[in-house]
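Engineer: After the sequence you'll find the predicted model.
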Amino acid sequence: MELQLHRMDYLQVAVTSQKTMKLLPASGRRATQKVVVGDQDGVVTCFGIKKNEAVPVFKTLPGQKIARLELGGALGTVQEKIFVAAGSEVRGFTKRGKPFLSFETNLTESIRAMHISGSDLFLCASYIYNHYCDCKDQHYFLSGDKISDVLCLPVERLERITPVLACQDRVLRVLQGSSLMYEVDVPGPPSILALNNGNGGESGEELLYGTSDGKIGLIHIAMNTPIPKWEIPNEKKRGGILCIDSFDIIGDGVKDMLIGRDDGTVEVYGYDSANEPVLQYDHSLTESITSIQGGCVGKDGYDEIVLSTYSGWVTGLTTEPIHKEAGPGQELKMSQDMQNKIASLRSELEQLQFKVLQERDRYQHSSQSVTAVSAVPVFSINDKFTLNQDDASYSLILEVQMAIDNVLIQSDVPVDLLDVDKNSAVVSFSGCDNEPNGNFLLATYRCQANTTRLELKIRSIEGQYGTLQAYITPRIQPKTCQVRQYQIKPLSLHQRAHAIDQNRPMNTVSLTGQFSFSDMHSWVVFCLPEVPEKTPVGENVTFYFKNTFLETQLECTYRKGEGLFKSDNISTISILKDVLSKEATKRKINLNISYDINEESVGHTLKLIHPKLEYQLLLAKKVQLIDALKELQVHEGNTDFLIPEYRSILEEAEKLQEEYKKQPAHLERLYGMITDLFIDKFKFKGTNVKTKVPLLLEILDNYEQDALMAFFETAQ
Amino acid sequence: MQTSLSNPNAVYWYPSNHPSVLQPTNSRGPGFIMLVPIFTLKLNHKINPRMVSVGRYDGVHPCLTAATQAGKVFIHNPHSRSQRVSAQRLVQSSQDSDVSLLNINQNVSCLTAGVFDPRVGYDSLIVGTQTNLLAYDVHNNSDLFYKEIVDGANAVVLGSLGDITSPLAVIGGNCALQGFDCSGNDLFWTVTGDNVRSLALCDFDGDEKKELLVGSEDFDIRVFKEDEIVAEMSETETITALCPMYGSRFGYALSNGTVGVYDRTARYWRIKSKNLAMSIHAFDLNSDGVCELITGWSNGKIDARSDRTGEVIFKDNFCSSVAGVVEGDYRMDGKTQLICCSIDGEVRGYLPTSQEAAGSLMDTSVEQELVRELSQKKQNLLLELKNYQENSKQAESRISQSETDGQMGVIPANTQLQTALSVSLGSETQNAHVELSISTSNDTIIRAVLIFAEGIFEGESHVVHPSTQHLSGLVRVPISPPKDVPVDLHIKAFVGYKSSVQFHVFELTRQLPRFSMYVLSNPSSAPETSSYVTFTTSERLQRVVLWLNQNFLLPEDAEIQNAPFQISFTSLRDGGTLLLSMKASGEISLRTDDMDLAGDIIQSLASFLAIEDLAVEADFPKYFDQLRKVLVQVDESHSVHQKLTADMADQSNLIRSMLVQAEDARLMRDMKNMKKRYNELYDLNRDLINRYKIRCNNHAELLNNLKCVNQAIQRAGRLRVGKPKVQVITACRDAIRSNNINALFRIMRVGATPS
């Protein structure tokens, strides 16, 4: 059955964080539910819908920004008490808005995630997890990387408390009391956890997770070991997952999975006979979906998906048809409602406009005064700067509550800005005089009216590091702009991995010297992405990485006074050596650097590159042929005369072109990395082979694996 | 003195008219309509962009006609399954029976269809290439005419022009415009400033007669009333498409993604996209009696925009770039459809909404949209209000602290931004340029400056972002406008403190005068040039001085009371001098070697003084010498061309006989001889290819030179205004036709002798 949903906007509040909107359970005779939402102004708003109008139930006073909103209540009863986490405080409200709890935790940081089960309260700040029972401290855990979400498997079903933390380092940490029970590796940095089916599935131990790179998975958290069930990859390259809910919106008696993403996509997955999820419906909004829940809000008898967006819209996607089958009279009435709504909005606008004009005058007037200052409050920006695994490029997503007027992108390292289809802003590159000002990229994006979200793609080169800055100017008076900085790290194309293949030929560089553990850690943070800023606990630590472009690997192990880096890619080692010695010199620390180069590793890396290079060359060749072949086809009328190879090119023409378009400059990047490899190999031998590079490029142009290998062997 | 602008109020409250005139709007208008294509075709042929037309070649059945790869034109005729036989040009496609292919054997550069010969009552097809123009009668499968066009045909339009009775096929090539009637007579000829890229016929001045609109690569839209230029509009990029809307209104598209509508010389609206507009067309899609501007984009989007506001009333998407947008009654049911084609050969037809349906289409989703928009507005106002409240709160709390908080970007409220334009003579590392200096009035710093302006930077914007060490309250921006046009600089400066993460954005606009790239110099020290233009005006001296002050960047306003006076400038671009003098008799003379500059000055002065007709006397000895050489080269190229063509004919005969000999040898099993013949053939072929390359080079050179000649005529025209201008152009053309070079130069010097 095809699902048809219609969008209904209910209300707009201030900017919302992830997981801050819930539907209160229906009570009494009424079947429609109330919506409760907390925003970054610290206001909790509860409202119901009557005749398409939002009718407020209660609204609290502004305060610190609300990071989470959950419902709770004694186990076994209706979960209708409202809990919000704001700053380091947890507050509780009844469904009528009466405060009954104000719990000031002893956390020094703001609460980032919260889960409630009966009288148990699970809170997480950046790295710290705390478990309270009846507001009394019970357990404590320090995580190795930032925690993005927390959940507890249903206590009433399992009769044990099993909290699960979603951590930035691509790991779910399953706890018991204050200690770690085990870790579960997931394919991306998890951003959200949810119980399967809303109750943990049949066993009560089934856990759904969503990652910030758009993947979804189901894991059975058994007593001793995790059992992965299924995983949905992000093939369509949609946004990261921000919220998950289970609700039977299709109406087949099985709860469907509702997904909200940070690119504004809403998805509904049903389950097939093998219990594998199947996409049933998707809808695109223009901004991040921060919370999602299924229920019935707008009209009795019609289920809907209620969601809140970053800019604070609470919107329903309802099964209620817009055009009723009833007589035309009714439809007229509906639009009458609408007209009233529009009229009242307009008059409200007029009043506001008047007030704003007055204030504007006052503000202008202040510019005459000598003592007055102009201070415009900081507006909030939702930004994300992440490495895409599949094309080894960074994507920068900027989202502002107001419409964006323009964005200036500045970089002090050479990077390429790529075109993104979704992005409709007019881009203009400005010439850079990098001599006195050190600019390598200056580009302006002038946005279309109503653009609140902008997506950019950036390609970096390993070894070249610095800062990328974005100046964002929203379309609001008084005009201000805010700058955001993003580090392009020396090994920018590396990504954390769970393990590496120890059988590869490895090169190592080891450092010894008078440096502390935290010194070393800060250098690693400086060099590599996805490393927690906080120095890990313990005496030593090991991180694994893989290069998203070449699939080479890197192992970092370090402790006080000692660091060991192992990689099968000589270039990686060379970059690390250069950057680390430079950083140490900056801090006047004397380093002893020794390295051990494995000659085999170069051949091994070339072998890793070989299939990619060959594929790209073949693709380029095929794409080149397409037009000519098509012309022949038109000329001859059919393709029977062609050899099968050419015929298959014609058949796959569209696919090939698509692929070719998707990977601009892929070949050039590969060439660049082979050249680096070549230079680095001989650099460690103490010879400078820069003069031989043209020769190398010549060989690459007529690529043959053996010839290239031989060149690497013989060149001196 | 530096002109400065320091209006305390203008600082913050600069009305937001920055390039918003160029605002990309995707906001749906209130009349947004939903349409589904009523037919979709998948033709198995690629379609070259902008080369699509619909013609009724038998007077009844509309046929979609488009240029495709390999120098072919296809005609899609779904209505009359023809029993036509293949003749010399027209070949039935073996792939599908509805499509016939027309072999042009050269890359097609433009194409149109329409009534060419009013007597026959059916449409003809006109195909232009870089060297030829073919008018073709598809119905009878015969040529109407086939002409060699030296200037090439970049664009073609078919229709009646001005008072010329028979329909003309007007083609635009390298700086030249040419019009042919159906028998191939050359009835219209004129020149224009640069290579023509787009043409349209439109009743520009409301006299019920069509004027010719010409868009060219020098960013100008020119309007020709027959061969007289009646209007010139400067745009910011090459004009790639023009289309008449209704009355004097017309749409245009530029190569930087801009699309807009003009009414006569006034621009109604324009929008800019990061994609390119491939094709534009006027069509009434919502049946309100007024045509909308339909645009097909390079990303496959089709949108219809209201002619008045530019609001989108309809959009749809193709998988690949749009190639053309046309209209026709393709279903033969008496209703005209909008037909859109993609480069991959996908064709969709849309029927306009019927009048009754239009009302109910204002469905709830549109109302929802409106509510959302109003709420967004409300939210924006609330936020602004909040900004003021917070601001006054901050102000109160700050008095006690009296320190500047860098983070939030708190700045004194009386901060002002001052701008000044001056001419910098440059240094060893930097060329001479116009300098815009922007400074704050106190200890605040300028973090970055964004300047949005059209036509003077590589893109639409220029950014100055000093490194952290070099931050200060003063930023100097070098500007070197490539052309002498007045430009509005929309400046945005980010003002705050060194550690700020949030900055105040100061927005203001400065105008760069037209001749800002000329610096005042000492008349006595200026080298004498032999080139000059002189003319007499009855205008008062003061008016001329006013014009000087407005159009040049003078260090201080010139105050000259009495004629005669003399003023001299040096060009920042090439160091050339410009000497301007006026005698008491009202005779103004310009001395410069740059004929373009002289033309620009005369046009600017004439429009400022509202001079309608102006005849001048001019001499540009250096330029004329060059031109003389070019003319000699043209003759040479022509003779080389003829010789090469004859050679080629000889050689192709040789090939023919050689081939016969080789095949004979093969049949006789005389392998040795066959091999020899084929080797010879191979050599000959190589030879032919080499000669072809020579021919190509020769042709390219010829084209270049012809362009020079056309430009010279255009430049000679631009020294005059009104009637004398038209007369000079026509007289020059005649002189070239009769190969009377001396007459040509005489005309350029003293103007056309009134006959």
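Structural biologist: All right, it came through fine. Numbering: from 1, shown residues only, chains lettered A, B, ... in the order given.
Engineer: Now do the contacts for A:Thr162.
Structural biologist: Counting by C-beta atoms under 8 Å, 6 or more residues apart in numbering or on different chains, A:Thr162 touches A:152-153, A:174-176, A:181, A:205, A:221. (Glycine included, C-beta is placed from N, CA and C.)
Engineer: Go again with 6 Å.
Structural biologist: Shown in contact with A:Thr162 (C-beta atoms under 6 Å, 6 or more residues apart in numbering or on different chains): A:Leu153.
Engineer: Equivalent analysis for A:Gly177, please.
Structural biologist: Taking C-beta under 6 Å, 6+ apart, one finds A:His139 in contact with A:Gly177.
Engineer: do the same with the one 10 residues further on
Structural biologist: Going by C-beta under 6 Å, 6+ apart, A:Pro187 touches A:Lys215.
Engineer: For it, identify the helix or strand it belongs to.
Structural biologist: A:Pro187 is part of no helix or strand, with elements assigned from DSSP states H and E.
Engineer: ditto for B:His638
Structural biologist: helix B:621-667.
Engineer: I'd like the next helix or strand past that helix.
Structural biologist: Tracing the chain past helix B:621-667, the next element assigned as helix or strand by DSSP H and E is helix B:671-718.
Engineer: that older thread, return the distance of the helix holding B:His638 from the chain's centre.
Structural biologist: Between the centre of helix B:621-667 and the centre of its chain there are 35 Å (C-alpha atoms, centre = their mean, to the nearest Å).
Engineer: Next up, phi/psi of the most centrally placed residue in chain A, please.
Structural biologist: Against the mean C-alpha coordinate of chain A, by C-alpha atoms, centre = their mean, the closest residue is A:Ser212 at 3.4 Å. Taking degrees, to the nearest 10, you get phi -70, psi -10 for the backbone angles of A:Ser212.
Engineer: Let's see the pLDDT reported for it.
Structural biologist: Note on A:Ser212: pLDDT of 90.
Engineer: can you check A:His220 too?
Structural biologist: What the model reports as pLDDT for A:His220 is 92.
Engineer: Which SSE is immediately downstream of the helix or strand harbouring A:Leu208?
Structural biologist: A:Leu208 is part of strand A:206-211 when elements are defined by DSSP H and E. As assigned by DSSP H and E, the chain's next helix or strand after strand A:206-211 is strand A:216-221.
Engineer: by contact count, what packs against that following strand?
Structural biologist: Helices and strands touching strand A:216-221, by 3 or more C-beta pairs under 6 Å, 6 or more residues apart in numbering or on different chains; DSSP states H and E, are strand A:206-211, strand A:226-232.
Engineer: For the ones you listed, give me JSON lines that also has mean neighbour count and distance to B:Thr265.
Structural biologist: JSON lines is the format used below for these (neighbours: other C-beta atoms under 10 Å in any protein chain shown; distance: least, C-beta to C-beta, whole Å):
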{"stretch": "strand A:206-211", "mean neighbour count": "24", "distance to B:Thr265": "57"}
{"stretch": "strand A:226-232", "mean neighbour count": "16", "distance to B:Thr265": "58"}
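Engineer: what's the closest of these to chain B?
Structural biologist: With C-beta to the nearest C-beta, the closest approach to chain B among the helices and strands packed on strand A:216-221 belongs to strand A:226-232: 25.9 Å.
Engineer: following that closest one, which helix or strand shows up next?
Structural biologist: In N-to-C order, the element after strand A:226-232 by DSSP H and E is strand A:241-247.
Engineer: Report the angle between that following strand and strand A:206-211.
Structural biologist: 150 degrees (axes from the mean of the first three to the mean of the last three C-alpha atoms, to 10 degrees).
Engineer: quick one: the helices in chain A?
Structural biologist: Applying DSSP state H to chain A gives helices spanning A:155-158, A:328-366, A:434-437, A:517-527, A:570-586, A:599-636, A:644-651, A:653-662, A:666-685, A:693-701, A:705-714.
Engineer: Any idea which of those helices has the lowest pLDDT on average?
Structural biologist: Lowest mean pLDDT of the helices of chain A: helix A:434-437, a mean of 67.
Engineer: returning to what we had before: the helices and strands packed on strand A:216-221 into TSV, with extra columns for distance to chain B?
Structural biologist: Shown next, in TSV, are the helices and strands packed on strand A:216-221 (distance: least, C-beta to the nearest C-beta, whole Å):
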stretch	distance to chain B
strand A:206-211	27
strand A:226-232	26
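Engineer: just checking, B:Arg447 is part of a helix?
Structural biologist: No. Secondary structure assignment places B:Arg447 outside any helix; it is strand (DSSP: H, G, I helix; E, B strand; the rest coil).
Engineer: Spatially, what comes nearest to it if we skip its sequence neighbours?
Structural biologist: Excluding the flanking residues, the one nearest B:Arg447 by C-beta to C-beta, 6 or more residues apart in numbering or on different chains is B:Phe494, at 4.2 Å.
Engineer: Helix or strand next in line after the strand or helix carrying that neighbour, which one?
Structural biologist: Here B:Phe494 sits within strand B:487-496, counting by DSSP H and E. Of the helices and strands lying after strand B:487-496 in sequence (DSSP H and E), the nearest is strand B:502-512.
Engineer: Return the distance of that next one from the chain's centre.
Structural biologist: That offset, for strand B:502-512, works out to 29 Å (C-alpha atoms, centre = their mean).
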